[in-house]
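[1] below are the sequence and a predicted model; questions follow.
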Amino acid sequence: MKKIYLFAFVSLFMVNCSSDSTDGGTPEEQMYFPPSDGSNTWETKSISAMGWNQNAVQPLLDFLEEKNTKSFIILVNGRIVMENYFNGHTATSPWYWASAGKTLTTTVTGIAQDEGLLNINNKVSDYLGIGWTSAPLAKENLITCKNLLSMNSGLNDALGDDVSPANLQYVADAGTRWAYHNVYVKLQDVVAQSSGQTWANYFNTKLRDRIGMTGGAWINLDGLSVYWSTTRSMARFGLLSLNKGKWNGTTIVNENYFTQATTTSQSINQAYGYMWWLNGKSSFHLPQTQLEFNGTLIPNAPNDMYAALGKNDQKIYVIPSKKMVIIRMGEVANPDNPTFAFSGFDNELWSKINALYQ
């Protein structure tokens, strides 16, 4: 009888070990977080140690360089597996996040809610006062902070980047129409107003400095606040996002809120959370169109991936099933077909990434 129990225990142990394995077939490692003290220390793991296909590395690098990439990082379990710079860019060079930085606003809004400074279900005018749009008052009062997070404010998205009241015009009731719109930046004003601090100061103390995103800054471009940082700082935010708002055991933003942010946020665009793009859904909408497209957003990418996508192909891919974060910064990959967020480059890039481990 003892032999039977021993055999059952050993079998169960072997099953558990095999289920906790990475793509390289080795027992799962503990998640790693680089120090947040401003040092440049970051653990690495080689392609060979991962058990990946070394022959697929150079074709990926050639493709990235050809497509105007400036930097590229792959993290697995928080460790750097690939880190490459192109076209004169370096590890210390800052670059803009474009709309990939929308997810920074999402995260800081959640932090402010955790601190009791705001509630995303409250109307925006509770914080900014009436008249922050030119919509009729009854329609303006329908717009909640959650509507700004979900891109369904009902305001006109065809009037350019200006978010002054005169340019924020009513098209439909909040919640009834999805449209990619820069009105989301009003959440930064909500955070500033509710915290009694500038947006940049609150962001720096509550997010940037806590996870070691040193040196980054918000820069005003054509009336919009755009975040610039090194590639490793972007990777740090990706790692925080992989861990659902926790950094080395410390909660930066509530996990329940982060789960909401990476889940379909409204009934119109299945592939959109709180400014995170969601793969693996049965349909999606794209910026500047009211059309619905059938199928998943990026077919070559894992279905559980969520992504921060910015103009000219700034990318943060987060893949929980692979404990992976991928960063791409650079110029537009296909200059003849520039886009605001998602582009055909995503699917092309993922075909190259898949070759590493399939």
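    Happy to help now that I have it. All values derive from a computational prediction rather than experimental measurement.
[2] now do residue 332 against residue 95, distance only.
    Taking CB to CB, to the nearest Å as the measure, residue 332 and residue 95 are separated by 13 Å. Using the backbone N, CA and C atoms, a C-beta is placed for each residue, glycine as well.
[3] same question, residue 183
    25 Å.
[4] neighbour count winner among the two?
    Neighbour comparison, residue 183 and residue 95: the larger count goes to residue 183, with 23 against 19 (by other CB atoms under 10 Å).
[5] wasn't the more buried one part of a helix?
    Yes - assigned with DSSP: H, G, I helix; E, B strand; the rest coil, residue 183 falls within a helix.
[6] surely it touches residue 170?
    No - if you go by CB atoms under 8 Å, residue 183 and residue 170 don't touch, sitting 11.9 Å apart.
[7] for residue 310, give me the backbone phi and psi.
    Its backbone dihedrals place residue 310 at phi -130, psi 160, with angles given as degrees, to the nearest 10.
[8] for the nearest residue in space to residue 340 that is not next to it in sequence, helix, strand, or coil?
    Spatial nearest neighbour of residue 340, excluding adjacent residues (CB to CB, 6 or more residues apart in numbering): residue 287 at 4.4 Å. Using three-state DSSP, the structure places residue 287 in coil.
[9] burial of residue 287, as a residue count?
    Residue 287: 16 neighbours (other CB under 10 Å).
[10] contact partners for it?
    180, 339, 340, 341, 342 (CB atoms under 8 Å, 6 or more residues apart in numbering).
[11] which of those residues tops the neighbour count?
    Ranking the contacts of residue 287 using other CB under 10 Å puts residue 341 first, with 22 neighbours.
[12] measure that residue to residue 62 for me?
    Distance from residue 341 to residue 62, by CB to CB: 25 Å.
[13] tell me the SS of the residue nearest the centre of the chain?
    Closest residue to the average C-alpha location of the chain: residue 308 at 3.2 Å, with CA atoms, centre = their mean. Assigned state for residue 308: strand (three-state reduction, three-state DSSP).
[14] contact partners for it?
    Counted by CB under 8 Å, 6+ apart, residue 308 has contacts 97, 99-103, 238, 241, 275-277, 314-316.
[15] mind putting those residues in a markdown table, pLDDT included?
    What follows is those, written out as a markdown table (pLDDT from 0 to 100):
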| residue | pLDDT |
| --- | --- |
| 97 | 97 |
| 99 | 95 |
| 100 | 97 |
| 101 | 97 |
| 102 | 97 |
| 103 | 98 |
| 238 | 98 |
| 241 | 98 |
| 275 | 98 |
| 276 | 98 |
| 277 | 98 |
| 314 | 97 |
| 315 | 98 |
| 316 | 98 |
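[16] ends of stretch 319-327, what's the gap?
    12 Å (CA to CA, to the nearest Å).
[17] tell me how far it lies from the chain's centre.
    11 Å (CA atoms, centre = their mean, to the nearest Å).
[18] per-residue confidence at the residue nearest to residue 340?
    The score at residue 287 is 90. That number is its pLDDT.
[19] how much space is there between it and residue 224?
    Counting by CB to CB - residue 287 and residue 224 are separated by 15 Å.
[20] got it, and residue 172?
    For residue 172, the distance to residue 224 - CB to CB - is 23 Å.
[21] same check, this time on residue 336
    25 Å.
[22] also residue 153?
    From residue 153 across to residue 224, the span is 16 Å (CB to CB).
[23] between these two, point out the one with more neighbours.
    residue 153 (32 against 17).
[24] is it true that the more buried one lies in a helix?
    No - counting by three-state DSSP, residue 153 falls outside a helix, being coil.
[25] leaving out chain neighbours, which residue sits closest to it?
    According to CB to CB, 6+ apart, the nearest residue to residue 153 is residue 147 (4.6 Å).
[26] mind saving the C-alpha coords of stretch 299-317 as PDB?
    Taking Å, rounded to 0.1, in the frame of the first residue of the first chain, the C-alpha atoms of stretch 299-317 are listed here in PDB:
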ATOM      1  CA  PRO A 299      -4.600  36.400 -36.000                       C
ATOM      2  CA  ASN A 300      -1.000  35.400 -35.600                       C
ATOM      3  CA  ALA A 301      -0.800  36.600 -32.000                       C
ATOM      4  CA  PRO A 302      -2.000  34.600 -28.900                       C
ATOM      5  CA  ASN A 303      -5.700  34.900 -28.200                       C
ATOM      6  CA  ASP A 304      -5.100  36.100 -24.600                       C
ATOM      7  CA  MET A 305      -2.900  39.000 -25.600                       C
ATOM      8  CA  TYR A 306      -3.800  42.500 -24.700                       C
ATOM      9  CA  ALA A 307      -1.800  45.400 -26.200                       C
ATOM     10  CA  ALA A 308      -1.100  49.100 -26.000                       C
ATOM     11  CA  LEU A 309      -0.900  50.300 -29.600                       C
ATOM     12  CA  GLY A 310       0.300  53.700 -30.700                       C
ATOM     13  CA  LYS A 311       0.700  55.800 -33.900                       C
ATOM     14  CA  ASN A 312       3.600  54.800 -36.100                       C
ATOM     15  CA  ASP A 313       3.700  51.300 -34.600                       C
ATOM     16  CA  GLN A 314       4.600  51.800 -30.900                       C
ATOM     17  CA  LYS A 315       3.700  48.500 -29.300                       C
ATOM     18  CA  ILE A 316       3.400  46.900 -25.900                       C
ATOM     19  CA  TYR A 317       2.200  43.300 -26.200                       C
END
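[27] centre of the chain versus that stretch, how much separation?
    8 Å.
[28] quick one, what contacts residue 67?
    Contacts for residue 67 were tallied using CB under 8 Å, 6+ apart; they are 313, 330, 333, 334, 345, 348, 349.
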